[in-house]
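Q: dropping the sequence and predicted coords here.
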Amino acid sequence: MFDWIQNLADWTVYDVLELDKGAHLSEALNFFIYDTIKILLLLFVIIFIMGIVNSYFPIDKVKNYLSRNKLYGLEYLMASLFGVVTPFCSCSSVPLFIGFVRGGIPLGVTFAFLITSPLVNEVAIGLFIGLFGLKTTLIYVASGILLGTISGFILQKFKLDKYLTPWVKEILANAQKEQDAFIADKKSLKDRLPVIWDEVKTILKGVIPYVVVGIAIGGLMHGYIPEGFFEKYMAKDNIFAVPIATILAVPMYSNASGILPVAQVLVAKGIPLGTAIAFMMGVVGLSLPEAMLLKKVMSLKLIAIFFSVVTLCIIISGYLFNILL
Amino acid sequence: MSKVIKILGTGCPKCKSMTGIVSDVIKENNIDATIEKVEDIMEIMKFNVMSTPALVIDDVITIKGRIPSKSEVLALLN
């Protein structure tokens, strides 16, 4: 399916630029051209499809659904699934949190949404297919959804309401289940397309620089680091590799678009996939800037509990990946 | 009558680019309006929005969670 891109990359590097086959520079450049074109195409397709899905699941509808329906335990999974289809920018996490609290949605369910949303989204999925293939992508998406579901469920058990900041507690006390059904937007797909199209352009414009830089760094590493280089340091049987990678990653912040191309090269050069994914989830899912934002609504203790539970779940899924794959 | 435009957002890049677009539209079309940036989260929550940036024109929420195009803003202001 992607042969034509490889041919194009070969033609550009060996015929147009007349670089030597097998040299580090030409191999790195070839990899860069191939990966950039392939990944941008995939990103475009996935962002567009997810844009259409999202158009039918706006956040207010999601909130109403979770607020009104009794789901007998399935609400964690539902919130996590909604997290996948709803685009999420970390600066929206506080308004979203308050909105959910106001709608009487349990904290654990809100957390399930907040955890899955940055981990599994259109950009991460598009990149994952391009870099790791479909099978690994499906496993990643499933584990991201499970991670949010389970972490949310555990967090609910802690009875965390008392650790909210005072003004949020007040909102919680006045919370009410949504009475009115959400008034669905009865627009046809054709009418929705212009808005979806604008979103696709905005998202792509936002991630292209990160993707290109990420692939460029990946390309350099690909050309210059020998195969199996990291195996010496981060072998599969090193039981500390996963927790160390995760704990290093948590304070860092990057979106999936910057970190994934680099992670792919690390894997190609011998770092076990589970370790790389744990690192990536730590970078994308949790970060210091996010903790700063959440301070507005949560006490430090609650943030610490939230981060610890999610970190632990990421470490466990890292191990599982290493065992299963 | 002068319109009151409020842009709700905690100061993320998306909110800034929305402010830029709205002020460009006002200048380019000589629209009589004032722009107010609402950055305090407690104030933002009074509007009951869950995704920022949001554009509020004369106390009506018109756009939330995305950056509008110039023509869209112009249509909303007319």
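A: Nice, I can see it. Numbering: from 1, shown residues only, chains lettered A, B, ... in the order given.

Q: from now on I want contacts and neighbour counts done on CA atoms only, so please keep to that.
A: Will do.

Q: so residue A:313 touches residue A:149, yeah?
A: No: taking contacts as CA atoms under 8 Å, residue A:313 lies outside contact range of residue A:149: 10.5 Å.

Q: same drill for those two, tell me which one is more crowded.
A: residue A:149 (26 against 18; other CA atoms under 10 Å in any protein chain shown).

Q: tell me which element the more buried one is part of?
A: Applying DSSP states H and E as the criterion places residue A:149 in helix A:134-157.

Q: buried residues, stretch A:302-314. List them.
A: Counting neighbours by 16 or more other CA atoms under 10 Å in any protein chain shown, one finds that the buried residues in stretch A:302-314 are A:302, A:303, A:306, A:307, A:310, A:311, A:313, A:314.

Q: now name the helix or strand holding the first one.
A: When secondary structure is defined using DSSP H and E, the element that contains residue A:302 is helix A:300-324.

Q: same for that helix, what does it pack against?
A: helix A:134-157, helix A:241-249, helix A:273-285 (3 or more CA pairs under 8 Å, 6 or more residues apart in numbering or on different chains; DSSP states H and E).

Q: and the shortest one with helix A:300-324, angle?
A: Put simply, helix A:241-249 runs at 140 degrees to helix A:300-324, going by axes from the mean of the first three to the mean of the last three CA atoms, to 10 degrees.

Q: helix A:241-249 vs helix A:273-285, what angle?
A: Using the same axes, to 10 degrees: helix A:241-249 against helix A:273-285 is 20 degrees.

Q: go on, the first one?
A: Calculated by the same axes, to 10 degrees, helix A:134-157 forms an angle of 60 degrees with helix A:273-285.

Q: what comes into contact with helix A:134-157?
A: A:76-77, A:79-81, A:84, A:106-116, A:119-120, A:125, A:128-129, A:306, A:309-310, A:313-314, A:317 (CA atoms under 8 Å, 6 or more residues apart in numbering or on different chains).

Q: buried set for that helix?
A: Buried-residue list, helix A:134-157, by 16+ other CA under 10 Å: A:136-137, A:140-141, A:143-156.

Q: what about the closest residue to residue A:275 other than its chain neighbours, neighbour count?
A: Nearest non-adjacent residue to residue A:275, counting by CA to CA, 6 or more residues apart in numbering or on different chains: residue A:242, 4.9 Å away. Number of residues near residue A:242 (other CA under 10 Å) recorded here: 25.

Q: wait, what's in contact with residue A:242?
A: By CA under 8 Å, 6+ apart, the neighbours of residue A:242 are A:274, A:275, A:278, A:279, A:315, A:318, A:319.

Q: what distance do you get for the last one to chain B?
A: Residue A:319 sits 35 Å away from chain B, taking CA to the nearest CA, to the nearest Å as the criterion.

Q: burial measure for that residue, as a count.
A: With other CA under 10 Å as criterion, residue A:319 counts 22.

Q: what does the second one give?
A: Burial of residue A:275, expressed as a neighbour count using other CA under 10 Å, amounts to 31.

Q: up against chain A, what does chain B have?
A: B:10-12, B:41, B:44-45, B:48-52, B:66-67, B:69 (CA under 8 Å from any CA of the partner chain).

Q: between those residues, which is nearest residue A:164?
A: Ranked by distance to residue A:164 (CA to CA), the residues of chain B next to chain A are led by residue B:41 at 15.0 Å.

Q: before we move on, back to that, export the helices and strands packed on helix A:300-324 to CSV and tack on mean pLDDT?
A: Formatted as CSV, the helices and strands packed on helix A:300-324 follow (pLDDT from 0 to 100):
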stretch, mean pLDDT
helix A:134-157, 92
helix A:241-249, 87
helix A:273-285, 88
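
Q: which helix or strand contains residue B:36?
A: strand B:33-38.

Q: phi, psi of the closest residue to chain A within chain B?
A: Residue nearest to chain A within chain B: residue B:50 (4.5 Å; CA to the nearest CA). Torsion angles at residue B:50 (phi, psi; degrees, to the nearest 10) stand at phi -110, psi -10.

Q: ok, now residue A:121?
A: Backbone dihedrals for residue A:121, given as degrees, to the nearest 10, come out at phi -150, psi 180.

Q: am I right that it is in contact with residue A:85?
A: Yes: using CA under 8 Å, residue A:121 is in contact with residue A:85, at 6.8 Å.

Q: mind giving me the ChimeraX command for buried ones among the residues of chain B next to chain A?
A: Restricted to buried positions by 16+ other CA under 10 Å, the ChimeraX selection for the residues of chain B next to chain A reads:
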select /B:10,41,44,45,49,50,51,52,66,67
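
Q: which of the residues of chain B next to chain A fall in helices?
A: Taking DSSP state H as the definition of helices, the residues of chain B next to chain A contribute B:41, B:44, B:45.

Q: which one of the residues you listed sits closest to residue B:24?
A: Nearest to residue B:24 among those is residue B:44, at 23.2 Å by CA to CA.

Q: residue ranges for the strands of chain B, please.
A: B:3-8, B:33-38, B:54-57, B:60-64 (DSSP state E).

Q: average model confidence for the shortest one?
A: So that's strand B:54-57. Per-residue pLDDT over strand B:54-57 has a mean of 90.

Q: pull up the pairing partners for that strand, direction included.
A: Neighbouring strands of strand B:54-57 in its sheet, by DSSP bridges, are strand B:3-8 (antiparallel), strand B:60-64 (antiparallel).

Q: out of the ones you listed, which is closest to residue A:36?
A: Comparing those by CA to CA, strand B:60-64 comes nearest, at 31.9 Å.
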